[in-house]
Structure formats: C-alpha cells, structure tokens
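A.B. asks: Using only what follows, build the 3D model:
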Amino acid sequence: MGSAPHVSVLLGEVLAYLQPQGGGVYVDGTLGLGGHAEAILEASAPGGRVIGFEWDQEAAALAAERLARFGDRIRIIPASYAELAGRLEEAGELPVDGLLLDLGVSSLQLDRPERGFSFRHDAPLDMRMSADLSLTGADLVARLGEEELADVFYRFGEERQARRIARFVVEERKKTPITTTRQLAELVARAIPRKYHPRRIHVATRVFQALRIAVNREFDNIVQVLAQAPSVLKKGGVLCVITFHSLEDRIVKRGLMDNPAYELVTRKPVEPSPEEIQRNPRARSARLRVARIVTTLDSGLRD
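C.D. replies: Numbering: from 1, shown residues only. Model prediction:
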C-alpha cells in the first residue's frame, strides 16, 4: 500500500445532506473501504442500516472487516451500482431513504501496483475494478482499431493528441505487445511533442483516465444508476453524487436536470473546504451534487 491512506471526501457535507436517521436504510453505491458507510452507520445509530455495493472483491473484504462491529446493520452486495435496482429488489431492501455514490478511484486501487491503474508503477496494464470484468486495459490497447483508440482517448480523457497517440499505439503494437503501464506511459510521452507536455500533470494522465473509464464502462454505469435511483428511493429520499472530473460531473448534472423525478438540492456543486484539501490533497477535485426524489418511478405504490 502507498503512503497516503484512503480518506473519505466531503464526509461532513454528505452527512449533512443525507441526515441519517435511526431506522433509516441507506445505500452506499460505492462502498470502497467503508469510510462513508461507517460514518452513516454511526450517525444513524442505533437502528439505521447501510447496504453497500462493491464490485472490487479486495475492497469489499476490507470493508466487511472494518464494518463488522455494526453487525447486521451493514449488508454488502458484491456488485456494481449499475445493478442497483435489481439487486435491491432481490434482497428485499426496497425502498431506501438515501443513496450515496462516490465515483472516485479508491486509493486502494491506485496504490496497488498490480492493479495496473497508475503510471507511477510498472505493472500489468489491467485497470479492472472487478476481476469479473473480461477485458483489461492491455486487451483494449491490443484489440481496438486506430479510430476507436483515438475516440476512447478523446471522449473519456479529453486528450487533444488522441489521434497521434492512437497512431503511435498501433505502430508500436506491430513490433511488440503493449502489456504494461510503463510501456504505455513511455509511448504517450514519445507520441506527444515535448512542447505540448502538460506542466501540472503527468503527460499520460488523460490517456490512463480514458482507458480506465473504457475498461470499467464507468460512464454507462453512471447513466444507468441515475436512471434507476428514482425506482429505489422513497419519495423525499436523497441522492448524493461525488465526482472527480468534469466529464463525470457533466453526466451527473445532465442526468439530474433532465429527469423530472429529481429536484435539485444543490444548484452548484459543493466543493471541499481549503482545510479538507490541506488534510487530503486527493479531495481537491471532488464535487458533490445532491438531489431529492419528488416522483418515484412506481409512485402509485410508494407515495
């Protein structure tokens, strides 16, 4: 594990909007290591419950250990939040009072070199958040055509040199398979002319972000969960979504504004305080949007 332990972001703000109550049922759609869930369980004692979704088996095991002291007040479902409605119905846990989604990559994933998320370590180019996913980052780099690669780098990473990088990838893989994080990071550095290297971030940051989003189908999953949330939350239930880059934030903003089931609680995203950013620099890009359910999808049953 790296030197920076995972710290849950915007924790006080999430609790302020969710207002956990004893007897309430709350879903942490991105359980991770359980930091937000732990705070919700403490705030909703003695009777509040949390259902945590986590498709990363390693994170789910660590969260289960951390939250064991809460007994049957915590229930972990080993699945993606994209399966929210179906899994909650199967579990007999509908409806719920609040839903939290923290869309950031966890420190556990970034700091485990073998997971292949970071260009800071030389490791297999994996990037899967769940071992159940069939394709790794290396698989996509090997299989996608030049146009498809350019599209991934541009759409999911806003990389202006997307076409040039894709051309370099295709040329390189004719000579040798691209299977490691170091190979890809060095190739991106060669592909982008030196004068266009960004000053504040690593030159391969956008490409790694784009490939990770493609491997894990992150944007599709966000669209799905925003569409499903009104069918699992009670009328008046609260949805909190934390994003970490502008592409995610745009999807969430549009998904909330375009769905009449939602009433926006925060017109503008809530940002971390300077004090939180000083304590936890990884929080600096976090943005929180909050909405309340005004119409459930089956309101005739629940209103």
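A.B. asks: rest of the way, CA atoms for contacts and neighbours
C.D. replies: Will do.
A.B. asks: where exactly do the strands run in this structure?
C.D. replies: Taking DSSP state E as the test, the strands found in the chain are 25-28, 49-53, 74-77, 96-102, 233-243, 262-264, 287-293.
A.B. asks: State the paired neighbours of the first one in the sheet, together with their directions.
C.D. replies: Read it as strand 25-28. Strand pairing for strand 25-28, determined by DSSP bridges: strand 49-53 (parallel), strand 96-102 (parallel).
A.B. asks: rewinding a little: include mean neighbour count and mean pLDDT when you put the strands of the chain into JSON lines, please.
C.D. replies: JSON lines is the format used below for the strands of the chain (neighbours: other Cα atoms under 10 Å; pLDDT from 0 to 100):
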{"stretch": "strand 25-28", "mean neighbour count": "27", "mean pLDDT": "98"}
{"stretch": "strand 49-53", "mean neighbour count": "26", "mean pLDDT": "98"}
{"stretch": "strand 74-77", "mean neighbour count": "20", "mean pLDDT": "98"}
{"stretch": "strand 96-102", "mean neighbour count": "23", "mean pLDDT": "98"}
{"stretch": "strand 233-243", "mean neighbour count": "24", "mean pLDDT": "97"}
{"stretch": "strand 262-264", "mean neighbour count": "20", "mean pLDDT": "97"}
{"stretch": "strand 287-293", "mean neighbour count": "23", "mean pLDDT": "98"}
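A.B. asks: Turn these into a markdown table, columns for distance to residue 63.
C.D. replies: Listed next are the strands of the chain as a markdown table, based on distance: least, Cα to Cα, whole Å:
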| stretch | distance to residue 63 |
| --- | --- |
| strand 25-28 | 12 |
| strand 49-53 | 9 |
| strand 74-77 | 9 |
| strand 96-102 | 15 |
| strand 233-243 | 19 |
| strand 262-264 | 30 |
| strand 287-293 | 23 |
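A.B. asks: hmm, back to that, make JSON lines out of the strands paired with strand 25-28 and add distance to residue 283.
C.D. replies: Shown next, in JSON lines, are the strands paired with strand 25-28 (distance: least, Cα to Cα, whole Å):
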{"stretch": "strand 49-53", "distance to residue 283": "22"}
{"stretch": "strand 96-102", "distance to residue 283": "11"}
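A.B. asks: Flag the shaky bits of the stretch 51-200 of the chain, pLDDT-wise.
C.D. replies: For the stretch 51-200 of the chain, no stretch is flagged by pLDDT under 70.
A.B. asks: Now tell me what touches stretch 144-164 from outside.
C.D. replies: Outside stretch 144-164, the residues that touch it by Cα atoms under 8 Å, 6 or more residues apart in numbering are 141, 165-167, 169-170, 191-192, 206-211, 213-214, 247.
A.B. asks: Pull out the buried members of these.
C.D. replies: Among the contacts of stretch 144-164, those classed as buried by 16 or more other Cα atoms under 10 Å are 141, 165-167, 169-170, 191-192, 206-211, 213-214.
A.B. asks: State whether residue 240 and residue 101 are indeed in contact, as I suppose.
C.D. replies: Yes - at 6.3 Å, residue 240 and residue 101 qualify as touching, with contact defined as Cα atoms under 8 Å.
A.B. asks: Do a quick rundown of the helices in the chain.
C.D. replies: 11-18, 35-43, 57-66, 84-91, 107-111, 137-143, 146-157, 162-175, 181-191, 205-216, 218-232, 246-257, 274-279, 299-302 (DSSP state H).
A.B. asks: Dump those into TSV; add distance to residue 73 as well.
C.D. replies: Listed next are these as TSV, based on distance: least, Cα to Cα, whole Å:
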stretch	distance to residue 73
helix 11-18	17
helix 35-43	8
helix 57-66	12
helix 84-91	14
helix 107-111	24
helix 137-143	37
helix 146-157	37
helix 162-175	47
helix 181-191	40
helix 205-216	29
helix 218-232	19
helix 246-257	29
helix 274-279	29
helix 299-302	23
